[in-house]
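J.: quick one, what's the 3D model for this:
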Amino acid sequence: MDDKLQKLLDAYAELTSKLSDPAVYNDQKEYARLAKEHARQAPLVEKAEVYLGAQADIKAAKELLREETDPEAKAMLQADIEANEAILPALEDEIKVMLIPGDPNDEKDTIVEIRAGVGGDEAAIFAGDLFKMYERFAQLHGWKVEVLSSSPSEAGGFKTIEFKVTGDQVYSIMKYESGVHRVQRVPKTESQGRIQTSTATVAVLPEADEIDIQIDPSELRIDTYCASGPGGQCVNTTYSAVRITHLPTNTVVQSQDQRSQIQNREVCMQMLRARLYERELERQQAEMGAERQSQIGHGNRSEKIRTYNQPQDRVTDHRVGFNGTYNGVLLGDTLPSVIEALAAADRAERLAAAV
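T.: Numbering: from 1, shown residues only. Alright, predicted model coming up:
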């Protein structure tokens, strides 16, 4: 591992040198790319320097120890050796985890789709509760949430809602939320106090740039129609809503929540790129076989990942057996603890695979 860490330090030094090159600085796009990579590598470089420095100190102290005759000086050298040796195992474990290749999409913003499942009006209300949970969760992280498209339910909540989450390392955290979420509680519409089980599906898609996904305009069918529901003076009067169908895959996206047809069209293209990108990722993962079949990190929407049980005041994530309180998780306050448990399990799995 020493050789690998030294190569890492050499590469980091070269990267630092490039950032001070006027030619690179004048190319803002290239400078931003290199600066982002420089910042991403910094924590690992810091650990590597401490690790290699401790090893160098141990080697130097052992050489001095062989020549030293003074008992007090020998005791000090031996103490230095033992102190440095004591920190190496933990440092090595940390570095091994940091050396594991990350998900290339981790730094991307995300498009999240919540869709009411089984349970009628209660499922739509639950979908709305999940949206509020993610809104609060985003606030905790300083992220921005922008609703792209929604279909409200008359009873409250949403039949479907799609929103964009923008911020630092959004996908690296939100990706663990993909899957079927199940709630067990007494619906507001239930007069006899019976507990009902309802579901909602959550899809977390890394936002794809035009560079990631090339879309041929000739393969699109674009329809415009009047937006419906409450809103401004344009609702039901102008053809501002947009529906785009990607003909080769029959993927359909639509938006009516923006102020103009141009804005709705841009939102549709964002959602379409994200969905086509997800299809490509799923194809690649299928080719990789069982190596990444775990639901941790790439939640399969056909599987139940979490149950929110209100009568028992418990939320259980079935992938790692994590339990939290109903209000704590659904209000977004303790959701970070659930996600950290999933991230830790994911890191352990990837480390085992790497070994």
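
J.: going forward, measure contacts and count neighbours with C-alpha atoms only.
T.: Will do.

J.: so how far is stretch 330-340 from its chain's centroid?
T.: 14 Å (CA atoms, centre = their mean, to the nearest Å).

J.: what's next to it, contact-wise?
T.: 129-130, 132-134, 136-137, 173, 176, 317, 322-324, 328-329 (CA atoms under 8 Å, 6 or more residues apart in numbering).

J.: residues of that stretch that come out buried?
T.: In terms of neighbour count (16 or more other CA atoms under 10 Å), stretch 330-340 has its buried residues at 330-332, 334-335, 338-339.

J.: quick one: which of those is nearest Pro206?
T.: Ile339 (17.2 Å; CA to CA).

J.: so how far is whatever helix or strand the closest one lives in off the chain centroid?
T.: Using DSSP states H and E, Ile339 sits within helix 335-354. Remark: helix 335-354 is offset 12 Å from the chain centroid, using CA atoms, centre = their mean.

J.: okay, buried residues for that helix please.
T.: Neighbour counts over helix 335-354 (16+ other CA under 10 Å) mark 335, 338-339, 341-343, 345-347, 349-351 as buried.

J.: return the alpha-carbon coordinates of stretch 61-68 using PDB.
T.: Provided in PDB are the C-alpha atoms of stretch 61-68 (Å, rounded to 0.1, in the frame of the first residue of the first chain):
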ATOM      1  CA  ALA A  61      13.700   5.900  15.500                       C
ATOM      2  CA  LYS A  62      14.700   2.200  15.100                       C
ATOM      3  CA  GLU A  63      17.900   3.200  13.300                       C
ATOM      4  CA  LEU A  64      18.800   5.600  16.100                       C
ATOM      5  CA  LEU A  65      17.800   3.000  18.700                       C
ATOM      6  CA  ARG A  66      20.400   0.600  17.400                       C
ATOM      7  CA  GLU A  67      23.200   3.100  17.900                       C
ATOM      8  CA  GLU A  68      22.000   4.800  21.100                       C
END
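
J.: sorry, back to before: filter the contacts of stretch 330-340 down to the buried ones.
T.: 129-130, 132-134, 136-137, 173, 176, 317, 323-324, 329.

J.: which of the residues you listed fall in strands?
T.: The strands, defined by DSSP state E, take in 317, 323-324 from those.

J.: with only the CA atoms kept, save the helix holding Ile339 in CSV.
T.: Provided in CSV are the C-alpha atoms of helix 335-354 (Å, rounded to 0.1, in the frame of the first residue of the first chain):
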residue,chain,number,x,y,z
LEU,A,335,-33.3,10.2,8.9
PRO,A,336,-29.6,11.0,8.8
SER,A,337,-28.9,8.2,11.3
VAL,A,338,-30.8,5.7,9.1
ILE,A,339,-28.9,6.7,6.0
GLU,A,340,-25.5,6.6,7.8
ALA,A,341,-26.3,3.0,8.8
LEU,A,342,-26.9,2.2,5.2
ALA,A,343,-23.8,4.0,4.0
ALA,A,344,-21.7,2.2,6.6
ALA,A,345,-23.1,-1.2,5.4
ASP,A,346,-22.4,-0.2,1.8
ARG,A,347,-18.8,0.8,2.7
ALA,A,348,-18.3,-2.6,4.5
GLU,A,349,-19.7,-4.5,1.5
ARG,A,350,-17.5,-2.6,-1.0
LEU,A,351,-14.4,-3.1,1.2
ALA,A,352,-15.1,-6.8,1.4
ALA,A,353,-15.5,-7.0,-2.4
ALA,A,354,-12.3,-5.1,-2.9
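
J.: same question for that helix, mean pLDDT?
T.: For helix 335-354, mean pLDDT is 79.
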